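**Student:** give me a 3D structure for the following:
(one chain, ligands or ions: 2)
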Amino acid sequence: MSTAILDAEKIPAQKLEIKTLIPADPKAIYQFRAARLAELAEESGLPDYFRLLNLLVSVQARLATETNGTATQSCFGPKPEFDLNQSQPMAQGHFEWGNYWQSVLLELVSDLLPRLMPKNAPELTVVLKELASTEPEILQQYAQAMLLGHFADVPAKYTLFIWAALSVYWSHWATDVAMALAKTGEGHKTLCPVCGSHPVASVIKEQPRAGLRYLHCSLCETQWHQIRAECTSCGEDKGVFLWAETETKAAVRIESCDTCKGYTKMLFTDINSKLEVAVDDLATLLMDQYVVEQGYLATTVNPLLLAHEQ
Ligand SMILES: [Zn+2]
Ligand SMILES: [Zn+2]
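**Tutor:** Numbers count the residues shown, from 1 in each chain. Ligands and ions are numbered 1, 2, ... in the order given. The predicted structure follows:
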């Protein structure tokens, strides 16, 4: 009898099935990333660099693991206060992030030093020891500069390691913040709604519904939903093109935008579930080279590539 009546309550409920945010699970993310680095090392063309990254990300995974136990929480310090009513509560100017991230950095360096391959060891050992003995005020300036996107203000040899430590610190606290923000259902586009950082790339997912696109944060590892029809950088829906090395079913593509001249890598995990956002972006740099030659610029930041940007 009442089949024609729309159930008004069900309509918004269906909309909410698309999660606006996927909070980070740092331990799982770093473990998955480390495994993918190991898998692609030989074919990457940069085997020594991939092996170093594998060690670094494995240490990140170990540090992130400790957050779940009751054991030592000391390296993260007390939970900072976040104002969840403002946008990007974990943006660098929006909360007191202090210098506990430096404890993470020291842990990271002391874990990494004994694991270095003898081949890489001489220069890297020196770099890591320098970093560990850098004045806290200087380290704080480096972190501040990087969080503002001024990567060139920091010695290139340090950026990879500083960002790795910042990322472990940020992702540690980002999970709760992202869960709280997810309830508001607010939509965001260009930058991470939790911390205001650039994405690494777009990830096309099979779950919870095939074809959904999420952007993956380069700092706090949160993912946020973004509709497919628009440029991830400027929001324009015209002049957006997809590039791929093969015609059909390419698992890695590039989306370019003629309005802002930006481009973003797209990883189709519904086609290849092994893809890891930071590693597979790095492993497909030849594609970037091609679109850069066509006049487009990356609108993304890869945490595994910072050392190469200068
Ligand atoms: Zn973030
Ligand atoms: Zn654009």
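**Student:** domain parsing of the chain, as residue ranges.
**Tutor:** For the chain, automatic domain parsing gives the domain ranges 2-19+187-298, 27-180.
**Student:** rank the ones you listed by pLDDT, which is bottom?
**Tutor:** Per-stretch mean pLDDT for the domains of the chain is lowest at domain 2-19+187-298 (a mean of 86).
**Student:** before we move on, which element is residue 124 in?
**Tutor:** Residue 124 belongs to helix 121-132 when assigned by DSSP states H and E.
**Student:** tell me the phi and psi of the most centrally placed residue in the chain?
**Tutor:** Centroid-nearest residue in the chain: residue 218, 2.6 Å away (criterion: Cα atoms, centre = their mean). Torsion angles at residue 218 (phi, psi; degrees, to the nearest 10) stand at phi -80, psi -10.
**Student:** so how far is residue 134 from it?
**Tutor:** Residue 218 is 23 Å from residue 134, where distance means Cβ to Cβ, to the nearest Å. Heads up, the C-betas are built off the backbone N, CA and C, glycines and all.
**Student:** got it, and residue 262?
**Tutor:** In terms of Cβ to Cβ, residue 262 sits 34 Å off from residue 134.
**Student:** the closest residue to the residue nearest to the centre of the chain other than its chain neighbours: neighbouring residues, count only.
**Tutor:** What sits nearest to residue 218 in space, not counting adjacent residues and going by Cβ to Cβ, 6 or more residues apart in numbering, is residue 301, at 4.2 Å. Counted with other Cβ atoms under 10 Å, the neighbours of residue 301 add up to 21.
**Student:** then residue 23?
**Tutor:** 21.
**Student:** next one: the one 10 residues further on
**Tutor:** Residue crowding around residue 33 was assessed by other Cβ under 10 Å; the count is 24.
**Student:** my guess is it contacts residue 57, does it?
**Tutor:** Yes. Counting by Cβ atoms under 8 Å, residue 33 touches residue 57, with 4.9 Å between them.
**Student:** and the stretch 101-250 of the chain, which residues reach ligand 1?
**Tutor:** Within the stretch 101-250 of the chain, the positions near ligand 1 by Cβ under 5 Å from the ion are 192, 194-195, 197, 217, 219-220, 222.
**Student:** for the stretch 1-150 of the chain, which segments count as strands?
**Tutor:** Under the criterion DSSP state E, counting those that start in this stretch, the stretch 1-150 of the chain contains strands at 21-22.
**Student:** indicate the residue of it located nearest to ligand 1.
**Tutor:** Nearest to ligand 1 in the stretch 1-150 of the chain, going by Cβ to the ion, is residue 90, at a distance of 6.6 Å.
**Student:** and that residue, what does it touch?
**Tutor:** Neighbouring residues of residue 90 by Cβ atoms under 8 Å, 6 or more residues apart in numbering: 82, 170, 173-174, 177, 194-196, 220.
**Student:** for residue 24, give me the pLDDT.
**Tutor:** In this model, residue 24 is scored at 93, pLDDT.
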